[in-house]
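K.L.:
Please work out how this folds:
(chains A and B)
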Amino acid sequence: MKNKLTVILILLSLNVFAQKKVTISGYITDSKSSETLIGATVYDEKSKHGAITNVFGFYSLTLPEGECALKFSYVGYSQQTFNLTLKNDTAINVKLSEVAELEEVVVTAEKEDAGISSVKMGSLDVPVKVIEHTPSLLGETDVMRTIQLMPGVQQGMAGSSAVYVRGGGGDENLILLDGAPVYKVDHLFGFFSVFTPEAVKKVTFYKSSFPARYNGRVSSVIDVRTKDGDMQKFTKSISIGLLTSRFTLEGPIKKDKTSFSVSGRTTYLSLLTAPVFSVLKIDGEKTNLGYWFYDFNAKVNHKFSDKDRLYVSFYRGVDKFWVKDTYEYKDSDGSYKDKDKYFLRWGNLISTARWNHVFSPKLFSNTTLSFNKYKMAVGDNYDYTKTSSYYGNESEVYESEYNSSIMDLGLSDDFDFMANEKHTIKFGFNYINHDFDPETSHTKIKSKSSQNPENNQDTVIRKPGAKKIYANELSLYAEDDWKLFDCLHLNPGFAYTLFAVGKKSYSNFQPRFSLKYSPVKALAVKASYTRMSQCVHLLTSTPISMPTDLWVPITENIKPETAEQYSVGFYYTGLKMWELSLEGYYKKLNNVLEYKDGMSFMGFSSNWQDLVAMGRGTAKGIEFLARKTTGKATGWISYTLSKADRDFDADSQVNNGDPFPFTYDRRHNIGIVYNQKFNDRIDLDVTWTYYSGANSTVSVSKETVIFPEKRLGYDWWDIEHGLIPNNTTKTEYVTNRNNYRLPATHLMCIGVNFHKQKKRCERIFNLSVYNAYNSKNPDFCFSKVKDEGGREKYVLRKITILPLIPSFTITYKF
Amino acid sequence: MKKCILFFAALVSVFMSCREDIELKMDDTTGVLCVNGFLYADCDTNVLYITETGISRPVPVTNAEVKMYVNGVLKEEVSTSDNSGHYLLKEKFSPNDVVRIDVTSNSRHVWREATVPECPKDFSVEITPAPEKKYYDSYIEDYTTDNMYKIEVSFSDVSSGKNYYRLLVDKTSSVTSYDYHHDYYYADTVYIDGVEYISHKDTAYYEMKTHHGYNERLYIGEAPSLADEEMNATSEFTDGIYNYYKVFNNSRFAGGKCNLRVYDIVHFDYGNSFPPETKKVNSEKDIERLPVYSYTQYVGIESIDEETYYFIKALNGYESGSFDYQELTGAIKMRRNVEGGSGNIVFVSRDVKKIVLYDNYKPAPVFGEEEDDDDYSDDYYYNY
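P.N.:
Here you go, the predicted structure:
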């Protein structure tokens, strides 16, 4: 106790005898576009104090009165240094210029020195340039695919953009678009994410040591920020690829005051497949199958003053898949024609309005109002017309549609309070009103008959399905970035979440703590503890992403999932141009959901809570990352050694209570990214990934399963006559869940960019090859009985769906 | 949904570069003793099905020894079976008995011990004709009921704890007609599988009352928060799981009385209608040759344990086609309750009511010409 008092007194005395402090604050922006720079650094060489711009490009730094040497820097930009004499609080807005010769791809961890400055760990900033230089499937650069190359991140099914972070499930990632959560993050059944790279300004990925303001998912946070729009001049770009075309347009509405940014992307897969289906007939019916999606982003940013800014952003993305059958015939009596169209349509609508206000050089606030809707519809439109000289004319239109949707309305306020040079306090709240509308359907029938007009009808039938569910989620949080000593930084914080659904409410206190010890400039040791909770779950049935996968809130029986994560890491920048990090983690998951034995495909929400059980999960691992961020050749090598499993109680009806490995418990993961800039005209991007095999439930024999009697009516039990009912069938005999480790996956992707400066624009021709050496990866596997010379045996059927796929994209930047 | 999966399969086939069979390095799991049976309290004969796991199909086991203990006392030993591995148990057991089944075969030993659930109490059934009502079938075509009857089932929960039940509704009908062409009488008896609901998707015909005063189109069992369509859960679009075996729990009537209302269609062999009140005849001889109608409705309530409840729910998934996508999801582990091996031995207590709706019923004869479009015309029978 005495020691503690001494420490407190020393700490207090530091403030008592401190000299007068002044605060400098302002925005750091790009000199050409005035786009705010997230994570730029301000550092005083004299006092050795620094600060980093927040997600709105705002910084605040408290320094001792007097002379200072302020260094403003951002990766890929020229550094600026100002020697100033500080007497009063001062606002300094700084514009940094991009340096052409430093255009190499760089990944930073909050800043250029591999996260050494930041007390946080397990976080990575992914600039757009990194995303653009990650070769991908069919030339579609993708945020999620770049994240999949980071240590600790697993890919789901081959080609999928789903991420599984540190042993967590696919629904445990909080994916934010300008602060609003995105529920459905992919197109084309999971192959592409909804984020158009051209619209993205920056992506920040957290897998541990989560800032207190993030809540609601337990495994990771992917914070995607879109471009604000160029305040100075109009710029545009057009890209044409094999699968999609994209455009962006941005520019000032009023110079240095208001800007906008618009981007869009659409696919023409249906056009490519149309010739095939135009000649295809199934059972005499002409069948056409199509798929289409689009993304549209728009953002307006207005600067009222240096103290007030408003951002309004909008996103709309829609996928549509359809099958059309047409059948017709004619004879002497008349004609008949029917058309049947089955469709699936799903999409997000996200809109946010954010208001930044600088109350004082030390207090910055951001207020966000968000609206988010995900809607899925499955429908059938059928109409036929019949003309007959005998029966007259008949026509009928039948439209049936099944809908499921989630709608969120959110309000949050985030404050950054730079109390002094030692304390930066962040606090605020986040409120979301969830409206889950799991299943509704309606049908329209319109029929006409010239012979029997009394039978004509025009009817609409609505059928409510599962009840609407309303839920309210409120989070309060606070954290303090506390520079205790120059070599020792702490970040204590907490989040308190209250989730109310129906008559039940759950509260959860989530402490967060991070510590950084940096004995020398080039080395930092960090440790953190994080607790997270999650109150919504994704009900999914297959490894591919289906639009019918349903988000549902927790219930009276299903409690919030929680995760506790302990991490420790070492960061070293002593090698020239290289940054090294080594992180270890141990994560405990509670109330993680699994289907009970015998339960599987659901696709509907009724009684879902009966079909799943709550259990525990553990994940542990070591992650190594070596990055080269400057020079002509850049890139990184990541390696992860991990283990993840699940454990359910014996009465949970999951795997008889025996522990089993998590599906994506892949032991070794290697990711290599290599970017080589040969000259101004050609650059090369190569990625290579290796994943140990995932786990799958495989059967190598069949057993009998019995069904209950269906009948009582007649004498089943006339056993004396040998009438024994055969109410059994055969099914796969499975010993344990995830009892087989599938073969490993490895593939290389190569992209070459040819740049050419034209009169009015720059042309970039990208040539990419996915799976360059045509690795036969186990994209789907299942066991199968095979007859080998009269002897039956089980084999593993391995299906590779994504072989070597070349593609190209042409981009014009104006 | 199925089209969606098919679309994905089409994509797979478009991109499919390789399909390769590789060796599966796993321990052999054939030869695991698998014992199955629904064993009913107070039943004269119960059947156990004993097989062992095999590569492409289970193999019947005919050399097993079965011992049945009731409350710790050996009641029966059976070692004979037919070729399909059926073993008959003749000794009875009662609700609340602790029953243990031991099966040994070729040094393999499996067993199951459980307490037999208590039989549902105060079980009663009442059947009345249902008033006409409009309804929509699965294709949303509107119909009016004209051959419906209402089955009202009532029973008391066995205790206030968690209890699980299964509803059984079955019926038999027979029409004995005279074959004019071959000059003989013949009887045609049909056994109709379960309840013929108006529509699996139409919720209007399932009602439930509880001692809490519920009287709504709510389905049997389950809490109302998310879980509405317990008895009727299926969707045309999403391939939901239909409660094929009609299991439910007492979450809405724990410790109280459960009233179920089920509607069924009178279903004779040919055509869905009640027997005619009158039948036209031309002669006295025709009166003797009038068809004779019999119709019996069976309604039962089974009491099952929690494990069985979830096992049967898993079977609902099986019957609803939920196991069709194992290439995507991997094999699905079936629930089992037999220790040391595999299979499910389920102890059930049940009460069944037999209600005879028509017992050798003959329509009243009316002299006059038979109409041509009569479904029950002799030509129809003959041609059939």
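K.L.:
For chain B, what's its nearest residue on the stretch 551-700 of chain A.
P.N.:
Residue nearest to chain B within the stretch 551-700 of chain A (C-beta to the nearest C-beta): residue A:598, separated by 2.6 Å. C-betas here are computed from N, CA, C, even on glycine.
K.L.:
Wasn't that residue part of a strand?
P.N.:
No: counting by DSSP: H, G, I helix; E, B strand; the rest coil, residue A:598 falls outside a strand, being coil.
K.L.:
May I ask which helix or strand of the chain has the lowest mean pLDDT?
P.N.:
Just going to use chain A. The least trusted helix or strand in chain A, going by mean pLDDT, DSSP states H and E, turns out to be helix A:2-16, with a mean of 44.
K.L.:
should've been chain B
P.N.:
Min over SSEs of chain B, mean pLDDT, DSSP H and E: strand B:215-216 (a mean of 27).
K.L.:
shaky segments in the stretch 1-150 of chain B?
P.N.:
B:1-17, B:131-148 (pLDDT under 70).
K.L.:
buried ones in the host helix or strand of residue B:68?
P.N.:
For residue B:68, the host element (DSSP states H and E) is strand B:65-70. In terms of neighbour count (16 or more other C-beta atoms under 10 Å in any protein chain shown), strand B:65-70 has its buried residues at B:66, B:67, B:68, B:69, B:70.
K.L.:
cool, stretch A:654-671 as well?
P.N.:
For stretch A:654-671, by 16+ other C-beta under 10 Å, it's A:654-656, A:660-667, A:669-671.
K.L.:
biggest separation within those residues, which pair?
P.N.:
A:656 and A:671 (36.5 Å; C-beta to C-beta).
K.L.:
Which parts of the stretch 251-384 of chain B are strands?
P.N.:
For the stretch 251-384 of chain B, strands defined by DSSP state E, counting those that start in this stretch occupy the ranges B:257-265, B:278-281, B:292-304, B:345-361, B:364-367.
K.L.:
want to try TSV for the ones you listed, with mean neighbour count and mean pLDDT as columns?
P.N.:
Converted to TSV, the strands of the stretch 251-384 of chain B look like this (neighbours: other C-beta atoms under 10 Å in any protein chain shown; pLDDT from 0 to 100):
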stretch	mean neighbour count	mean pLDDT
strand B:257-265	21	73
strand B:278-281	16	82
strand B:292-304	22	85
strand B:345-361	18	89
strand B:364-367	12	86
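K.L.:
domain parsing for the chain?
P.N.:
No chain specified, so I'll use chain A. As assigned by automatic domain parsing, chain A contains the domains A:16-100, A:123-700+A:806-813.
K.L.:
was after chain B, sorry
P.N.:
According to automatic domain parsing, the ranges for chain B are B:29-115, B:121-304+B:350-383.
K.L.:
now the stretch 701-814 of chain A, which segments are flagged as low pLDDT?
P.N.:
For the stretch 701-814 of chain A, the ranges with pLDDT under 70 are A:710-726.
K.L.:
near chain B, from the buried residues of stretch A:654-671?
P.N.:
residue A:655 (C-beta under 8 Å from any C-beta of the partner chain).
K.L.:
and residue A:177, what does it touch?
P.N.:
A:195, A:224, A:226, A:313, A:315, A:350, A:352 (C-beta atoms under 8 Å, 6 or more residues apart in numbering or on different chains).
K.L.:
per-residue confidence at it?
P.N.:
Listed pLDDT for residue A:177 reads 91.
K.L.:
Can you name the residues bridging to it?
P.N.:
As for beta bridges, residue A:177 partners with residue A:180, residue A:224 under DSSP bridges.
K.L.:
What pLDDT is listed against the residue in chain B that chain A sits nearest to?
P.N.:
Among the residues of chain B, residue B:314 lies closest to chain A, at 2.6 Å counting by C-beta to the nearest C-beta. Looking at residue B:314, its pLDDT is 81.
K.L.:
In contact with the residue lying closest to it once chain neighbours are set aside, which residues?
P.N.:
Ranked by C-beta to C-beta, 6 or more residues apart in numbering or on different chains and with sequence neighbours excluded, the top spatial neighbour of residue B:314 is residue A:598, at 2.6 Å. By C-beta under 8 Å, 6+ apart, the contact set of residue A:598 is B:310, B:311, B:313, B:314, B:315, B:317, B:318, B:332, B:333, B:334, B:335.
K.L.:
Please point out which parts of stretch A:364-382 sit buried.
P.N.:
A:364, A:366-370, A:372-382.
K.L.:
Could you do stretch A:295-304 as well?
P.N.:
Neighbour count says stretch A:295-304 has A:295, A:296, A:297, A:298, A:299, A:300, A:301, A:303 buried, by 16+ other C-beta under 10 Å.
K.L.:
in chain A, which spans are helices?
P.N.:
With DSSP state H as the criterion, chain A has helices at A:2-16, A:128-132, A:143-148, A:269-278, A:608-611.
K.L.:
wait, chain B
P.N.:
Under DSSP H, chain B gives helices at B:2-15, B:284-288, B:306-319, B:326-329, B:378-383.
K.L.:
now the shortest one: mean pLDDT?
P.N.:
What it means is helix B:326-329. 68.
K.L.:
Serialize the strands of the stretch 251-384 of chain B to JSON lines and add fields for distance to chain A.
P.N.:
Listed next are those as JSON lines, based on distance: least, C-beta to the nearest C-beta, whole Å:
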{"stretch": "strand B:257-265", "distance to chain A": "13"}
{"stretch": "strand B:278-281", "distance to chain A": "26"}
{"stretch": "strand B:292-304", "distance to chain A": "4"}
{"stretch": "strand B:345-361", "distance to chain A": "6"}
{"stretch": "strand B:364-367", "distance to chain A": "28"}
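K.L.:
export the ones you listed to CSV and tack on distance to residue A:122?
P.N.:
CSV is the format used below for these (distance: least, C-beta to C-beta, whole Å):
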stretch, distance to residue A:122
strand B:257-265, 53
strand B:278-281, 84
strand B:292-304, 49
strand B:345-361, 49
strand B:364-367, 86
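K.L.:
now the residue most central in space within chain A: how far from chain B?
P.N.:
By C-alpha atoms, centre = their mean, chain A has its centre lying nearest to residue A:175, at 4.4 Å. Using C-beta to the nearest C-beta, to the nearest Å, residue A:175 is found at 23 Å from chain B.
K.L.:
OK, contacts around that residue?
P.N.:
A:181, A:182, A:185, A:221, A:222, A:224.
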